[in-house]
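Visitor: Requesting a structural model of the entry that follows:
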Amino acid sequence: MKRRTLPGTIYPFLVILTILPLILLYIVSTGSVSDIFNDQIYKTIRETAYLVRNVLPFEDISDKEIMTAFSINISENTDFRITVMLPDGVVSGDSHVDPEKLENHISRMEVQKALAGKEGFSERFSTSLNMKMYYFALPVKTDKGIAGVIRISLPMEISGSILKTTYLKIFLILLVIAVSVLLMNYYITRSISRPVKLLEIMSNDISSLDFSSLKTIDGPLEIYNLSLNLKKMSGILEQKFNSANRRRMELNTVFSALIESIIVVDKNFIIKDINNAALELFKADSARGKSLIQVTLNRELIETAEKTLLEKSSQNRTIHLKEQFNNKSDEFGNNKFTSRDIYLQINTAIIETEDLQTRIIVVLHDITQIKTLERIRKDFVANVSHELKTPVTSILGFVETLKDGAINNSQDTHEFLDIIESQSRRLDTIIRDLLSLSKLESFENTPLDLADITLAASVSSAFKNCSKRIQAKDIVTEMLFPENLLIKVNPSLFEQALINLIDNAVKYCPEQSTITISGEAFKDYTLIKISDNGPGIPGKDIPRVFERFYTVNKARSRELGGTGLGLAIVKHIILAHRGEINLVSSQDSGTEFIIRIPS
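Guide: Next comes the predicted model:
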């Protein structure tokens, strides 16, 4: 249904209420004027008739010439027609027509009443004058009785013309009144509708949350007070809206910045909201409007969400994902992917929105690091137990053998004592390395004593320290960096890291291999690379080589005198310098350690 405007609703009623009374007034007034005018005509004719009768020479009433002259003389300069008749109806005088040409008027109604001694009045068409006329007749009385009839007539068109003029004036007056009233009504309607329209605009601005152009409206007191109240209300709404908007922005910022992955889905498991952490976790550019399974590709997560919706209760569960990364191509152009394990703690709950829509919130905590630390702790305890138990068991075994009588055999005694010494030194090395690690971990939270030294001096000293083992395997060493390249490090700790890396390369590289150390200064850091052409490290072992006691080949490492703590010590030395260490390697293609030391 099409709605009309306020003026379009009010003004037609005002027009009707104005026009109808004026029409009725016109009808009543014209009727009254007509009645009054007719009465006045009647009185005028009657008075004229009596005046004429009083001056009528009734002794000559039968003389047509005298009566005709009398009639013409009396009606001169007037619109009256005067007719004098004898008792038998014969016209003896007329002001407008020759009496000889007039028929007998005995049958005329007004004449009959006059002959009866009464006043006679009628309105009818005059055949002699060919027009409608008013007629008034009086008897002419003498001592002998009625001597004749005097009749006064007046054309009705005169009164009609006067009435038309009067009616026109009344119409024009009422028209002016109607136009004035309508214009006044229009002004009043506009004066009411204009502030109402402004109120509508104000309310539209409020509904669209535009509070910039609101102002009080100059109008009637009620309109003014209403606009004032709307303005006050809009001010309160604006404050509340701004507060809610700030709060929403804060919540969105917190939601986006949370390290926990959060996904909100509806009862059909369509994603309604998702934060950046979840997008990054599932490697998705966008997810809103997509199904949960489409984005996560994990059945366990879907089952947890379904159970939450079915049981209307919170759920928690741990799931395991595989993430592929670091894709490379082999020499044949085939893609090679490395994967890592991800462990997620899922917590779900049912929430209700303001519009009573059911939502499921899924919070994903990445507990991979916790799982990794648990595994490292277990491996560490197992490895420490194993690494300590092996030499201790060996020492105890040979001591018992010596006690049982082997001490009397000098050859066996020396051999056993050499083994006991070797195992004791290995035990001492493990303990020293563990103490070094513990000390380095404390350095990670306290500043080191740093000094500016040349990389050449530190590398030369490390090569010199490992020179016997290098010469024994006829290994070539290379230093590819400027001699004056400075690094800001703790000299002894950094040299220890280089020694461990060089010693590690010497142990696993074949004879006549090459160990290269290169360096380059950048704006914020110095980049140092230690590379060899040894057997390399398989991709699956790369993420764990810096863990304590982790070795790619345990038997060979123990055979070469390794404790599995060397690279862990290197890592903690570099971290104590606020630096980074990474490695690039693949099986049978050598290994390259990359160190970044802040300038």
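Visitor: need the longest helix for the chain.
Guide: In the chain, with assignment by DSSP state H, the single longest helix is helix 156-207.
Visitor: now for the next helix or strand after that helix, which elements pack on it?
Guide: Sequence order places helix 221-257 as the next helix or strand after helix 156-207, per DSSP states H and E. Here helix 221-257 touches helix 156-207, going by 3 or more Cβ pairs under 8 Å, 6 or more residues apart in numbering; DSSP states H and E. Yep, even glycine has a C-beta here, placed from its N, CA and C like the rest.
Visitor: packing partners for the helix it packs on?
Guide: Helix 156-207 packs on helix 6-55, strand 131-142, helix 221-257, going by 3+ Cβ pairs under 8 Å, 6+ apart.
Visitor: Quickly, which of the ones you listed bottoms out on average pLDDT?
Guide: Mean pLDDT values for those show the minimum at helix 221-257, a mean of 78.
Visitor: Check which residues of it are buried.
Guide: Going by neighbour count (16 or more other Cβ atoms under 10 Å), the buried part of helix 221-257 is I223, L226, S227, L230, K231, S234, E238, F255.
Visitor: average model confidence for the longest helix of the chain?
Guide: On average, helix 156-207 scores 82.
Visitor: Quick one: work out the angle between that helix and helix 221-257.
Guide: 30 degrees (axes from the mean of the first three to the mean of the last three Cα atoms, to 10 degrees).
Visitor: Off-centre distance for helix 156-207?
Guide: Per Cα atoms, centre = their mean, to the nearest Å, the displacement of helix 156-207 from the mean C-alpha position of its chain is 48 Å.
Visitor: Check the residue located most distally from the centre of the chain and give its pLDDT.
Guide: For the chain, the residue at maximal distance from the C-alpha centroid (Cα atoms, centre = their mean) is K144, at 115.0 Å. We have a pLDDT of 82 for K144.
Visitor: ok, now the one 5 residues further on?
Guide: pLDDT, V149: 92.
Visitor: element containing it, please.
Guide: In this structure, V149 is located in strand 145-155 according to DSSP H and E.
Visitor: Now do the buried residues in that strand.
Guide: A147, G148, V149, I150, R151, I152, S153, L154, P155.
Visitor: ranges for the helices of the stretch 451-599 of the chain?
Guide: 455-465, 467-472, 491-508, 554-559, 566-576 (DSSP state H, counting those that start in this stretch).
Visitor: top strand in this protein by residue count?
Guide: Counting by DSSP state E, the longest strand found in the chain is strand 335-352.
Visitor: Kindly export that strand (C-alpha atoms) in PDB.
Guide: Below are the C-alpha coordinates for strand 335-352, written out as PDB (Å, rounded to 0.1, in the frame of the first residue of the first chain):
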ATOM      1  CA  ASN A 335      58.900 -32.200  -6.000                       C
ATOM      2  CA  LYS A 336      60.200 -33.300  -2.600                       C
ATOM      3  CA  PHE A 337      58.300 -32.400   0.600                       C
ATOM      4  CA  THR A 338      59.400 -32.300   4.200                       C
ATOM      5  CA  SER A 339      56.700 -32.700   6.800                       C
ATOM      6  CA  ARG A 340      56.500 -32.000  10.500                       C
ATOM      7  CA  ASP A 341      54.200 -33.100  13.200                       C
ATOM      8  CA  ILE A 342      51.700 -30.600  14.700                       C
ATOM      9  CA  TYR A 343      49.700 -31.400  17.900                       C
ATOM     10  CA  LEU A 344      46.600 -29.400  18.600                       C
ATOM     11  CA  GLN A 345      44.500 -29.300  21.800                       C
ATOM     12  CA  ILE A 346      40.900 -28.700  20.700                       C
ATOM     13  CA  ASN A 347      38.400 -27.000  23.000                       C
ATOM     14  CA  THR A 348      34.800 -26.400  21.800                       C
ATOM     15  CA  ALA A 349      31.700 -24.800  23.300                       C
ATOM     16  CA  ILE A 350      28.200 -23.800  22.300                       C
ATOM     17  CA  ILE A 351      27.400 -20.100  22.200                       C
ATOM     18  CA  GLU A 352      24.100 -18.200  21.400                       C
END
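Visitor: Tell me the buried residues in it?
Guide: Buried, per 16+ other Cβ under 10 Å, within strand 335-352: I342, Y343, L344, Q345, I346, N347, T348, I350.
Visitor: beta partners of the second one?
Guide: Counting by DSSP bridges, Y343 is bridged to H320.
Visitor: ok, it - contacts?
Guide: T318, I319, H320, L321, D366, I367, T368, I370, K371 (Cβ atoms under 8 Å, 6 or more residues apart in numbering).
Visitor: Nearest to A497, out of those: which one, please.
Guide: T368 (27.4 Å; Cβ to Cβ).
Visitor: Relative to E374, how far out is the closest one?
Guide: 11 Å (Cβ to Cβ, to the nearest Å).
Visitor: Same drill for those two, tell me which one is more crowded.
Guide: T368 (16 against 12; other Cβ atoms under 10 Å).
Visitor: Tell me, what's the model's pLDDT at D433?
Guide: At D433, the model reports a pLDDT of 64.
Visitor: Q411 too?
Guide: For Q411, the model assigns a pLDDT of 70.
Visitor: That one looks like it's in a helix, true?
Guide: Yes. Counting by DSSP: H, G, I helix; E, B strand; the rest coil, Q411 is located in a helix.
Visitor: mind listing what it touches?
Guide: So Q411 contacts nothing (Cβ under 8 Å, 6+ apart).
Visitor: in stretch 274-287, what's buried?
Guide: By neighbour count on 16+ other Cβ under 10 Å, the buried set for stretch 274-287 is I274, N275, A277, A278, L279, L281, F282, A287.
Visitor: quick check, nearest of these to L501?
Guide: Nearest member of the buried residues of stretch 274-287 to L501, counting by Cβ to Cβ, is L281, at 34.4 Å.
Visitor: which stretches of the stretch 351-500 of the chain form strands?
Guide: 358-366, 451-454, 476-480, 486-489 (DSSP state E, counting those that start in this stretch).
Visitor: could those strands go into a markdown table alongside mean neighbour count and mean pLDDT?
Guide: Formatted as a markdown table, the strands of the stretch 351-500 of the chain follow (neighbours: other Cβ atoms under 10 Å; pLDDT from 0 to 100):
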| stretch | mean neighbour count | mean pLDDT |
| --- | --- | --- |
| strand 358-366 | 18 | 88 |
| strand 451-454 | 14 | 90 |
| strand 476-480 | 13 | 90 |
| strand 486-489 | 21 | 90 |
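Visitor: okay, these in TSV with distance to T296 next?
Guide: As requested, those are exported to TSV (distance: least, Cβ to Cβ, whole Å):
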stretch	distance to T296
strand 358-366	9
strand 451-454	51
strand 476-480	48
strand 486-489	45
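Visitor: Which stretch among these approaches R544 most closely?
Guide: strand 358-366 (18.7 Å).
Visitor: Who are the packing partners of that closest one?
Guide: strand 261-266, helix 276-281, helix 299-311, strand 335-352.
Visitor: got a markdown table for those, with mean pLDDT and distance to R596 too?
Guide: Shown next, in a markdown table, are those (pLDDT from 0 to 100; distance: least, Cβ to Cβ, whole Å):
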| stretch | mean pLDDT | distance to R596 |
| --- | --- | --- |
| strand 261-266 | 89 | 30 |
| helix 276-281 | 84 | 24 |
| helix 299-311 | 88 | 37 |
| strand 335-352 | 78 | 22 |
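Visitor: For T44, find the nearest of the ones you listed.
Guide: Nearest of those to T44, taken as Cβ to Cβ: strand 335-352 at 96.0 Å.
Visitor: so what's the residue lying closest to I223 once chain neighbours are set aside up against?
Guide: Leaving aside its chain neighbours, I223 sits nearest to P195 (4.2 Å; criterion: Cβ to Cβ, 6 or more residues apart in numbering). Neighbouring residues of P195 by Cβ under 8 Å, 6+ apart: I217, D218, G219, P220, I223, S227.
Visitor: All set, thanks.
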